[in-house]
Structures are given as C-alpha cells and as structure tokens.
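**Student:** got a sequence here, can you model it:
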Amino acid sequence: MIDMRPDDHEPFGRPLFDDPSARALSRVGVVDVGSNSVRFVVFDGAARSPAYFYNEKVMAGLGQNLAETGRLNPQGKIRALAALKRFALLAKGMGIDSLSCVATAAVREAEDGPAFQEEVERTTGLHLWVVDGPEEARLSAQGVLLGWPEADGLVCDIGGNSMELAIVRNGEVGARVSSPLGPFRLQQVPGGKAGLIAHIRKIMAGLAEEIGLGHERIYLVGGSWRAIARLDMERRGYPMTVLHEYRMGPQSVAQTVNWIAENDIMALRARTGLSVARMELVPLASLVLRELMHTFHPHEVAVSSYGIREGLLYEQMPDRLRKRDPMIEACRSLERTLSRIPGFGKKLYTFLLPLYTTATPEKLRLVRAACLLHDTTWRAHPDYRAESCFDNVTRANMAALSHEERVFLGLSLLHRYKNSRAGSPMEPLFRLLDDKKIQSAEVLGKAMRFGAMFAVESPEEAGALKFFPKKKILQLRLTALGEGLFGEVAEARFLSLAAALKSQPVVLRPGERSTIG
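**Tutor:** Residues are numbered from 1 along each chain as shown. Next comes the predicted model:
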C-alpha cells in the first residue's frame, strides 16, 4: 500500500532524492532478451518513479519457429547479437559499470540456448541471466508493482513463446505459473482456427486450476497486449493514446477482438502506427485474450507499460523506497529540475489546504501533485503555457496515475495559467471527466493561480484562506505583509477563485475581526 502519510516535520515528507539509498540507483541499465524483441533500457535518477534515460528495441525474432525446430531463429541470433554488441558499447559510453541482462523463454527453451548465451558473453562481455517461467512471472509482476503499488489481481505477461501469470496483492507477488501461449508457439498449432482455439482453451483451463479464479482485475504486460489496447483506442475513438493504465471492460475487449478479426490487419496497422512485426502477432494474441477473459471473468483489464525490465529495477529498490508514491516522487523530481523556485510547491499546498478540509486522501494526493507541478512549464511561451502544461501532464511517463487523473491534473494546471478553457485544443480530452470533476479542476487551478503570485517566499506569510462551504464564503485574512502584496492583480485572481467556488469573497485586513460564525 502507498504510504501517503507525510513525515511529521513537513507535509511532503523528506525527498528521497537526498537519500543515499535512492542516489545509489541512479543510471540503472537493463537488457531484456525476449522471444520477439531485444531491448536496452537505462533508468536515470531512479528513485521511486523511473525516468527513461535511454530506450532502444530491436525486433530480432529470436524465438520464431522455435516450437517447430527446437532452436533459435538463425537470422534472429545474428540480429540479437549485433544489438547486444551495440548495447554493451552504449552502456560503456554512458558510464554504466554493469548491466542486468535477462533472457526469457526463447533462450531457456532452445537447445542451442546455452551456446548462444556463451557466444554473447564471449563477444560482448554481457552475462545473460536466463530465468525460468515462474521467475519471469515474478519479475513482470514486480514491474506492475512499481507502476501500481496497490495492484490487486492477476498479472498476465505475454511474450513471443510464453505467457506468464502471477497474483499480486498487498505489495507482494504470490502464486505464479508459466504457459506456452506465446504467439510464436501458437503459429505451429495444427488443426486450423478450430484446433487453435481448442488448444488455447485447454491450456487456459489448466492455468485456472493452478492459479485460481476470482481476480477482478487483470494487468496486461507485453507488446502484443499493448498493440491490442492501441487498437481498442482506435476503434472507440478514445481521445488519449497513453497506453499505461488504459482500462478495458469485458465487452470492449470482445468487441475489439471481433473488430480485429473482421478487418485487414495491415490497414489497422497503418491507422495506429504499430510495427509490422508486432501486428503480425496480434490476431493470435487476440484469441488468447478472448479465452483469458472467458476463463477468468475479470471486471476489467488494465494495461501496464511496466514489466520485466521495471521489475529488475524494483528488485534493487530498498523497501522504504518501494513504499513511496511513484506519482508524487515524479512530481518532486520535475519541480526540482524545472521550476523557478524548487520547494515552493509544498508551501502552496499548505496555503491551499483550508479549501480541502473534507477531501479524501486520493483528492489531496492530486492537489499535492498539482502544486508541485504548477511552475514546471514557466519557460514555455506565454501564449502556449496553459496548453503546454496540460500536454506535459497528460503525456508524462508517470506511474500510479489513471487517465482520468491525468486529465484532472492537466486541466487544473491549464487553469493555473488561464481563466477560461473555452476553445482549448485539448477539449476532446475533457470528456474523460464529468462536470463535477471539471469544476473541481478549475477551482484547484484558480487557487494555484492566486496563491502562486500572492507572495514570492511563501503565500502563508501573506495571508490565510478559510472556506465556509455551507455558507458559501471564501475568506482571506491578510497579514501586514499581505496587505501590501494584495494588489489589483492578486485581488482579481482571488475574486476569480471565489467565483469558481460560487462563494462570496471576504477580505480581512490586519486588525479586522471576522463576523462569520
């Protein structure tokens, strides 16, 4: 469970970027040798929310035809080895002393897998850690926990030659199992479509017996699942294309699987920009997904962009770091590197807290995040600053942030710089929020718009807000310093905030007493 309780001495707790255990994770390199792709990722400033310093993928196809030949694809070996040589040199150039290199189904199952492993070490210096199916499942599940600390359900990771399942609950990985349901293997199943479906159904039933039913949410990990999710977005006309934390219900999954079957796969590829190699596996993966839904009956599926590579990073994190909120940590990092006055965000948050005395912890979490991000786009041209901050948040590589929360944060930050949202090019995304949440985002934005310019050092030194929601009164008590700072621009922004709250503004000068009971 995320620890959202601040340390006693300040509302945000002690930043982990100043913690030696977090600094030690800087520049973590990971190489993932899968059945379909070979990827090199470097995480920078790792802390709790990883930033991707470098990310390169080669669709080598090592596991293609493995089920038929029992050996690695010869052309795939050439491509994979060339990629690994390059990755080793890149890591050296980046000053990464060692890489965590993991190989999965193709290398562990091929009869020439050990020979390939030796060749890789001899020619590149990289030692491949070949993991078995349950270990692959554990690492993938840890990647989901990195992105969703409160994940509760079944993680399903599909690769080229295998599919792994693992239970996640209370921050721990439970039972896990591996299966041969990767698309490369399914290409070799005889009996046409009917034989293929029967084969998938039989294996899926066995998986259900091993790992159990009753999982309300399934977390999908793997490129084939992400491709299907992108196609679901296209079919639905969904306004956002961020795949991480994208949700699909059973009905939507069924409709998309049918839609894929009824359309030309390359025409769909052209509409979504997916690679040819990825799209070729989508029809088979979609059949697996349909049987997964029929077998386990989840309430929804959630797409995770985090998997085995992020799981390897999570493996190195101290427990204290794992318990931190990844979204808040990412916002802290952005404030520290991009804002004019790092540290002002927590002062702004404290100043605005009287507006949120009855707010849930989930709502306060978003208020904190917005306050940390309120000044991170100040270098953008003033005419585009509002849209720039909205775009940055909705497309940011952040974890533990739903699509609805992304839009809420983006809209609040848009109103931080702009009173009106009318005519915004971001308007199609607003439909992910209901009217009440749109109004709430506007209030937060206008509150930040006032508080951010009320005083330079700290708005609390200039005054204090108090909100009486039943009486619809917004009160501002000025200090002696605040009286001098409360000029006409500050007053206009305070009045705008009161209007957004549909409340009467009341300003108390030093020495004046409140008449509100």
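
**Student:** tell me how many other residues surround A498.
**Tutor:** When counting by other Cβ atoms under 10 Å, one arrives at 22 neighbours for A498. Every C-beta, even on glycine, is put in place using the N, C-alpha and C of the backbone.

**Student:** and the closest residue to it other than its chain neighbours, what element?
**Tutor:** Using Cβ to Cβ, 6 or more residues apart in numbering and skipping the chain neighbours, the partner closest in space to A498 is P505 (3.8 Å). Element membership for P505 (DSSP states H and E) is strand 504-508.

**Student:** which elements pack onto that strand?
**Tutor:** strand 473-478, helix 488-500 (3 or more Cβ pairs under 8 Å, 6 or more residues apart in numbering; DSSP states H and E).

**Student:** what's the weakest-modelled helix or strand in the chain?
**Tutor:** When the helices and strands of the chain are compared on mean pLDDT, DSSP states H and E, helix 20-23 comes out lowest with a mean of 52.

**Student:** so what are the sheet partners of the helix or strand that comes right after it and their directions?
**Tutor:** Next helix or strand after helix 20-23 toward the C-terminus (DSSP H and E): strand 28-33. For strand 28-33, the paired strands and their directions (DSSP bridges) are strand 38-44 (antiparallel), strand 99-103 (parallel).

**Student:** figure out which of those strands is closest to T377.
**Tutor:** Distance to T377, taken as Cβ to Cβ, is lowest for strand 38-44 among these, at 20.9 Å.

**Student:** buried ones in the closest one, by neighbour count?
**Tutor:** Applying a neighbour-count criterion of 16 or more other Cβ atoms under 10 Å, one finds 38-43 buried in strand 38-44.

**Student:** quick one: which of the residues you listed is nearest V107?
**Tutor:** V38 (10.6 Å).

**Student:** quick check: bridge partners of that closest one?
**Tutor:** For V38, the beta-bridge partners are V33, V58 (DSSP bridges).

**Student:** so what's it up against?
**Tutor:** Going by Cβ atoms under 8 Å, 6 or more residues apart in numbering, V38 touches 31-32, 57-58, 60, 62, 79-80, 83-84, 87.

**Student:** roughly how far apart are it and R185?
**Tutor:** 19 Å (Cβ to Cβ, to the nearest Å).

**Student:** name the element F351 belongs to?
**Tutor:** helix 344-352.

**Student:** can I get that helix in PDB, CA atoms only?
**Tutor:** Extracted in PDB, the C-alpha atoms of helix 344-352 (Å, rounded to 0.1, in the frame of the first residue of the first chain):
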ATOM      1  CA  PHE A 344       7.500  26.400  -3.300                       C
ATOM      2  CA  GLY A 345       5.100  23.700  -4.300                       C
ATOM      3  CA  LYS A 346       4.700  22.400  -0.700                       C
ATOM      4  CA  LYS A 347       4.200  25.900   0.600                       C
ATOM      5  CA  LEU A 348       1.500  26.500  -2.000                       C
ATOM      6  CA  TYR A 349      -0.100  23.100  -1.000                       C
ATOM      7  CA  THR A 350      -0.200  24.200   2.700                       C
ATOM      8  CA  PHE A 351      -1.700  27.500   1.800                       C
ATOM      9  CA  LEU A 352      -4.500  25.900  -0.200                       C
END
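
**Student:** so for it, what's the average pLDDT?
**Tutor:** Helix 344-352 shows an average pLDDT of 97 in the prediction.

**Student:** tell me the angle it makes with helix 488-500.
**Tutor:** 60 degrees (axes from the mean of the first three to the mean of the last three Cα atoms, to 10 degrees).

**Student:** which other residues reach helix 344-352?
**Tutor:** 10-12, 331, 335, 339, 367-368, 371-375, 444, 447-448, 451-452, 454, 458-460, 464-465.

**Student:** distance between that helix and the chain's centre?
**Tutor:** 25 Å (Cα atoms, centre = their mean, to the nearest Å).

**Student:** over to stretch 146-153?
**Tutor:** 11 Å.

**Student:** identify each buried residue in that stretch, please.
**Tutor:** 146-149, 151, 153.

**Student:** how long is that stretch from one end to the other?
**Tutor:** 15 Å (Cα to Cα, to the nearest Å).

**Student:** for stretch 357-365, same thing?
**Tutor:** End-to-end distance for stretch 357-365: 13 Å, by Cα to Cα.

**Student:** quick one: buried residues of it?
**Tutor:** R365.

**Student:** re earlier: out of the helices and strands packed on strand 504-508, which is the most enclosed?
**Tutor:** strand 473-478 (a mean of 20; mean count of other Cβ atoms under 10 Å).

**Student:** once you drop chain neighbours, what's closest to K57?
**Tutor:** Nearest to K57 is R39, by Cβ to Cβ, 6+ apart, at 4.5 Å.

**Student:** what about E362, which SS state?
**Tutor:** helix (DSSP: H, G, I helix; E, B strand; the rest coil).

**Student:** so where do the strands sit in this protein?
**Tutor:** Here the chain has its strands, by DSSP state E, at 28-33, 38-44, 51-58, 99-103, 129-130, 153-158, 163-169, 172-179, 217-221, 247-248, 300-304, 463-468, 473-478, 504-508.

**Student:** of the ones you listed, which stretch is the most buried?
**Tutor:** Among the strands of the chain, highest average neighbours (mean count of other Cβ under 10 Å) belong to strand 153-158, with a mean of 28.

**Student:** please tell me how far the residue most central in space within the chain sits from V489.
**Tutor:** Central residue of the chain (Cα atoms, centre = their mean): A399, 3.2 Å from the mean position. Per Cβ to Cβ, A399 is found 37 Å from V489.

**Student:** ok, now T272?
**Tutor:** 46 Å.

**Student:** with distance to D319 added, can I get the buried residues of stretch 146-153 in CSV?
**Tutor:** Putting these into CSV (distance: Cβ to Cβ, whole Å) gives the following:
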residue, distance to D319
L146, 13
G147, 17
W148, 17
P149, 12
A151, 17
G153, 22
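
**Student:** quick check, nearest of the residues you listed to H215?
**Tutor:** G153 (4.8 Å).

**Student:** thought the closest one was touching G214?
**Tutor:** No - using Cβ atoms under 8 Å as the test, G153 is too far from G214 to be in contact (9.8 Å).

**Student:** need the overlap of contacts for those two.
**Tutor:** Counting by Cβ under 8 Å, 6+ apart, nothing touches both G153 and G214.
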